[in-house]
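In: here's a sequence, model it:
(4 chains)
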Number of protein chains: 4
Amino acid sequence: MEKILNKIIDNNRYLIKEGAVADYIPALLKANPNHIGICVMDVDGNIYKAGDYTEKFTIQSISKVMSLMLALIDNGEDQVFKKIDYEPTEEPFNTLFKLDFPHTIKPSNPMINSGAIVTTSLIKGEGEERFNRLLTLIRTVTENPNISYNEEVYLSEKETGNKNRAMAYLMKSRGFIEGDVEDILDTYFKQCSIEVTAVDIARIGLFIANRCKLSKGDRICDNKTASILTAIMATCGMYNFSGEYASTVGIPSKSGVGGGILGTIPYKMGIGVFSPALDQYGNSIAGYGIMADLSKELNLNIF
Amino acid sequence: MEKILNKIIDNNRYLIKEGAVADYIPALLKANPNHIGICVMDVDGNIYKAGDYTEKFTIQSISKVMSLMLALIDNGEDQVFKKIDYEPTEEPFNTLFKLDFPHTIKPSNPMINSGAIVTTSLIKGEGEERFNRLLTLIRTVTENPNISYNEEVYLSEKETGNKNRAMAYLMKSRGFIEGDVEDILDTYFKQCSIEVTAVDIARIGLFIANRCKLSKGDRICDNKTASILTAIMATCGMYNFSGEYASTVGIPSKSGVGGGILGTIPYKMGIGVFSPALDQYGNSIAGYGIMADLSKELNLNIF
Amino acid sequence: MEKILNKIIDNNRYLIKEGAVADYIPALLKANPNHIGICVMDVDGNIYKAGDYTEKFTIQSISKVMSLMLALIDNGEDQVFKKIDYEPTEEPFNTLFKLDFPHTIKPSNPMINSGAIVTTSLIKGEGEERFNRLLTLIRTVTENPNISYNEEVYLSEKETGNKNRAMAYLMKSRGFIEGDVEDILDTYFKQCSIEVTAVDIARIGLFIANRCKLSKGDRICDNKTASILTAIMATCGMYNFSGEYASTVGIPSKSGVGGGILGTIPYKMGIGVFSPALDQYGNSIAGYGIMADLSKELNLNIF
Amino acid sequence: MEKILNKIIDNNRYLIKEGAVADYIPALLKANPNHIGICVMDVDGNIYKAGDYTEKFTIQSISKVMSLMLALIDNGEDQVFKKIDYEPTEEPFNTLFKLDFPHTIKPSNPMINSGAIVTTSLIKGEGEERFNRLLTLIRTVTENPNISYNEEVYLSEKETGNKNRAMAYLMKSRGFIEGDVEDILDTYFKQCSIEVTAVDIARIGLFIANRCKLSKGDRICDNKTASILTAIMATCGMYNFSGEYASTVGIPSKSGVGGGILGTIPYKMGIGVFSPALDQYGNSIAGYGIMADLSKELNLNIF
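Out: The predicted structure is shown next:
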């Protein structure tokens, strides 16, 4: 198996040159574009790793899956989806314009930035508490108590996150979010700056595949939550490439501009991939190639 | 099993009153809103039926799955998706406005009307040939040689289909479609008017679940085409309710405003549901309830 | 005075090379880009001409002023502006997307194509009668009984006018226009193909400046209609360059992609300019330069 | 003359009941809706007043004319209109969505909020200096050294101005504005809170009508600036009612949600009207009626 993983990595390494590391958050420019790592965990407890799986990277939008999980735990499905729709959009992750349409009543889904900012606002807690509760959940699910956030990336996001700030103030003015906008943004920027490895990401994927059970069998949330998270990843997880990804890979996934991709195959497997060079949609370019090959090689396409 | 199906029908019959039969095509107003029928076929050859499964209804948007199948057979994936994107949209099935944006280069996906009109334009053939080839494919896949179209509904669609006409001329002016617009629309209106039953629809679902194999084992198209069709149904098949449907039902499906819903569960099952009262999205309102119950009862959620 | 006009023509001749004759209607490509003509008529009966003022060109969008005049005569201000708004738009003349927004109830103004198509639909008459009544009005106002339309341009517009066709069908589907769409479009394409000279155009301008009185004093419509036409030309007449034109020229004007510009200065003067090379907005590029110079030289800016 | 003004006020008083004072800035809710005042000044030095012309109100969007004047003085026409377009829009004053379109490069015009925020950013000065320079200009032009701003309204705007904040951050993220966003917004909120009377407003109108000359003949800016300001008021000054206002009133004007309307008739007259109940566009409802009557009664329509 690890031989297969290494071969797939090698086959996709050339893609790095066709992508570029994220440049809209200055601190992300420091990433080493040559890194490629992968980790696969199945429900039988097998763990396979290859490449730079020990390298840390910021979780970025993959955190949206975890904040949605926590918002669902805190509020229940009905309350969450009163405030955020479930619908995929063909607009980019940082789209804003429909939020200004008179007939819009909530952001399209929790995987684009506007929806994710609402998700974060729904996590219970005051001030630092929101972030701390989310970090605790991520540590629990990854079974890695050492996970923390990268201060430099956080400050860089905070300083340059004007599009996110615009969304948040627009949603505030329309009554889509409650609470202090800068507080919510602060949590949001911090959650994006959490550092993980491909192994941590694979474990999140396995946890969801296992219907929200930890490796020792403890249940954090119910089967229905696992289905919702998986469905939303499958329909919205790869930004405005989600449809093409579903048709060509067929693994419910969530990407982040840090270069990570989280994959989950219900009742079967969790996958973590990492390679920081991105394509035009903001997805890891080699990561996509790896996922596509993995899907074919191991027959993982759920469709 | 048929007992379960009957119970599910009974449990969802009350929903009929909360919906309404389609009114934008005058001839559809004649549908009997009280009809509810279902048919389930599994890969082992079992067939279960309940309710008004012998009633005919027009296939409407479910035909988009079949025209996409034929366009893929005729042109291959690359050529088709040069002309139509794979991306779900949060806009309604008859959305048009993004087609006028300077940066738009193709319709969002083949399940909304604009994309489906392009799909139809990609079917090879002159004049009547396009439609006849599609009808032949549908007869083959449903294994029902008696399928034909409803002349009254076709003429009604043709007369009142001004929004579809607007889309087609707009796409023509932007170079998104080639060929004679009225010819393409004529085929499109005719394909929507094809009459089927819940049994026919279930057989389409089974065919896709069986990776495009007929009951006697003949292959019409390849496994990859089955995956693409299933993925597109899962992400775009229920109009701008597709995301919520994925999260709450989890069965790759395609609805039509005639009241039908086609479901397919890879390697497992095909489902046909029929009930003509629609919700605000244009999906069968009792049909959605039935699919949701069926998914829970038989544990069919793929996510 | 004619010396001034000749000097202004010479000063702006270089602009021709920076523009291009309209290419989206194939027959317009035959225009000679080197033509420049001008005619100025004041309320005291003086007529000044220079350059190619005897050359014929198709009236194109300048006809929108005349069709609006006739629609106002036929229906009154209230009825017309129930169906078309008065508001300038920053979108191009052939914009369509807002017509698809749920909250839109009419096109923005009568100077963009969508609004002009509605205007034409409001002219009373069956079949050919609409067009014939408009042609008669134009002959009356220009005091030129020889005016007619160019069959080749008309057929070319009809064949290639798919964007206009899309707008018309979209507006039909939303109830913004009544009547037969192809009939209305036929009149619209024909009215755009009417051939005029700079002298004819200047006389239209003088007629409006004279509060809708012919040279012998006969009144065709009232002072209020003259004010409305002038106000709409001032705010919407130069497509999505109207604002910049108002700030830099200050003469209420209407352009056409045939290369003509109609100017009117209330109680003072009518101006006709012709030069077929267009800028990016669809306005005559040398025509704009000529109008700007004329405004400065003769102190015509009304603002 | 004052008899005419009183009659016009009386004729339009009933309109107050059909409007409502602005509610989106809490402090504006305290305005007395029954106030109506008017002041007319002509170029011969005559001043006519009627009604509540001594009542103070906040200048709100009328300040956009003055900030544009200062930005033009500071930067020249070319530099200002590199950053803001001249084009009227049919969208409301607080529209935002087009700022997110990929092809948008600047806000539509300086009379909508987004454009006005850019205008303010172009005023030269650090910190308080921007605002102080603008206040000084307003005092000079109104020839009223006592003008100041209302602290309560300013703080209320600052606290609740989330839509404006969203626009500013969006424009910052796209490079449409330079400098510190909160600083610019602070100046913007403060400039909107400047308190004036109908007399002050009339004097601004007269100043522009007089081609930017003070009553004693000193020139503050040139004739071309006067034309630009007048043209922009005529095409964009009454929000997305500007077109209908031009057709029905024909006086270049700028309204504010404080209830004021500034009118200017080139080489002729300045007008200040005040009545705080607003219509759906955010324009003074009785103010519009008064302007329409005044235009007819005194034959002031420039079109």
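In: drop to CA atoms for contacts and neighbour counts, all remaining ones
Out: Will do.
In: look up the closest residue to the spatially most central residue of chain A, ignoring the ones flanking it.
Out: What sits nearest the mean C-alpha location of chain A, by Cα atoms, centre = their mean, is A:I62, with 1.4 Å. Distances taken as Cα to Cα, 6 or more residues apart in numbering or on different chains place A:G256 nearest to A:I62, at 5.2 Å, with adjacent residues excluded.
In: all helices for the stretch 51-200 of chain A, in order.
Out: For the stretch 51-200 of chain A, the helices defined by DSSP state H, counting those that start in this stretch cover A:63-83, A:113-122, A:128-142, A:151-160, A:162-173, A:181-192, A:198-209.
In: closest to C:G125 out of those helices?
Out: The closest of those to C:G125 is helix A:162-173. By Cα to Cα, the value is 49.3 Å.
In: relative to helix A:151-160, how tilted is that closest one?
Out: Helix A:162-173 and helix A:151-160 meet at an angle of 60 degrees, taking axes from the mean of the first three to the mean of the last three Cα atoms, to 10 degrees as the criterion.
In: how about the residue in the stretch 101-250 of chain A that chain D sits nearest to: what's its closest non-neighbour residue?
Out: With Cα to the nearest Cα, the shortest gap between the stretch 101-250 of chain A and chain D falls at A:A166, namely 4.0 Å. With sequence-adjacent residues excluded and distances taken as Cα to Cα, 6+ apart, A:A166 is closest to D:A166, at 4.0 Å.
In: hmm, the one you found is touching A:N164, no?
Out: No - with contacts counted by Cα atoms under 8 Å, D:A166 stays clear of A:N164, the gap being 9.3 Å.
In: doesn't A:A286 belong to a helix?
Out: Yes - A:A286 sits within a helix when classified using DSSP: H, G, I helix; E, B strand; the rest coil.
In: residue contacts, it?
Out: Counting by Cα atoms under 8 Å, 6 or more residues apart in numbering or on different chains, A:A286 touches A:12-16, A:36, A:275, A:277-278.
In: put the buried members of those residues into a PyMOL selection.
Out: To isolate the buried ones among the contacts of A:A286 in PyMOL, judged by 16 or more other Cα atoms under 10 Å in any protein chain shown, type:
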select buried, chain A and resi 12+13+15+16+36+275+277+278
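In: can I get the contacts of A:A286 in JSON lines including pLDDT and distance to chain D?
Out: Below are these laid out as JSON lines (pLDDT from 0 to 100; distance: Cα to the nearest Cα, whole Å):
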{"residue": "A:N12", "pLDDT": "97", "distance to chain D": "31"}
{"residue": "A:R13", "pLDDT": "97", "distance to chain D": "32"}
{"residue": "A:Y14", "pLDDT": "97", "distance to chain D": "30"}
{"residue": "A:L15", "pLDDT": "97", "distance to chain D": "27"}
{"residue": "A:I16", "pLDDT": "96", "distance to chain D": "26"}
{"residue": "A:I36", "pLDDT": "97", "distance to chain D": "31"}
{"residue": "A:S275", "pLDDT": "97", "distance to chain D": "27"}
{"residue": "A:A277", "pLDDT": "96", "distance to chain D": "23"}
{"residue": "A:L278", "pLDDT": "96", "distance to chain D": "20"}
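In: closest one of the contacts of A:A286 to chain C?
Out: Nearest to chain C among the contacts of A:A286: A:L278, at 32.0 Å, using Cα to the nearest Cα.
In: for that closest one, give the beta-bridge partners.
Out: Beta bridges link A:L278 to A:A20, A:S284 when assigned by DSSP bridges.
In: just confirm it contacts A:V257, I think it does.
Out: Yes - with contact defined as Cα under 8 Å, A:L278 reaches A:V257; the gap is 7.1 Å.
In: quick check: neighbours shared by those two?
Out: Contacts common to A:L278 and A:V257, judged by Cα under 8 Å, 6+ apart, are A:22, A:284.
In: hmm, back to that, what residues are up against the residue nearest to the centre of chain A?
Out: A:192, A:254-256, A:260-262.
In: restricted to helices, list those.
Out: A:C192 (DSSP state H).
In: may I ask which of the contacts of A:I62 has the most neighbours?
Out: Scoring these on neighbours with other Cα atoms under 10 Å in any protein chain shown, the highest-scoring entry is A:G260 at 33 neighbours.
In: hmm, back to that, hang on, the residue nearest to A:I62 packs against A:Q60?
Out: Yes - between A:G256 and A:Q60 there is a contact under Cα under 8 Å: 4.9 Å.
In: what's the end-to-end length of stretch A:190-202?
Out: 21 Å (Cα to Cα, to the nearest Å).
In: so how far is it from its chain's centroid?
Out: Centroid separation for stretch A:190-202 versus its chain: 9 Å, with Cα atoms, centre = their mean, to the nearest Å.
In: where does the stretch 51-200 of chain A have low pLDDT?
Out: Counting by pLDDT under 70, not a single residue of the stretch 51-200 of chain A qualifies.
In: contact residues of it facing chain B?
Out: Residues of the stretch 51-200 of chain A lying close to chain B (Cα under 8 Å from any Cα of the partner chain) are A:85-90, A:108.
In: okay, these in CSV with neighbour count and distance to C:V181 next?
Out: Output for these, formatted as CSV (neighbours: other Cα atoms under 10 Å in any protein chain shown; distance: Cα to Cα, whole Å):
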residue, neighbour count, distance to C:V181
A:D85, 19, 38
A:Y86, 28, 39
A:E87, 29, 36
A:P88, 34, 36
A:T89, 28, 33
A:E90, 22, 32
A:S108, 25, 36
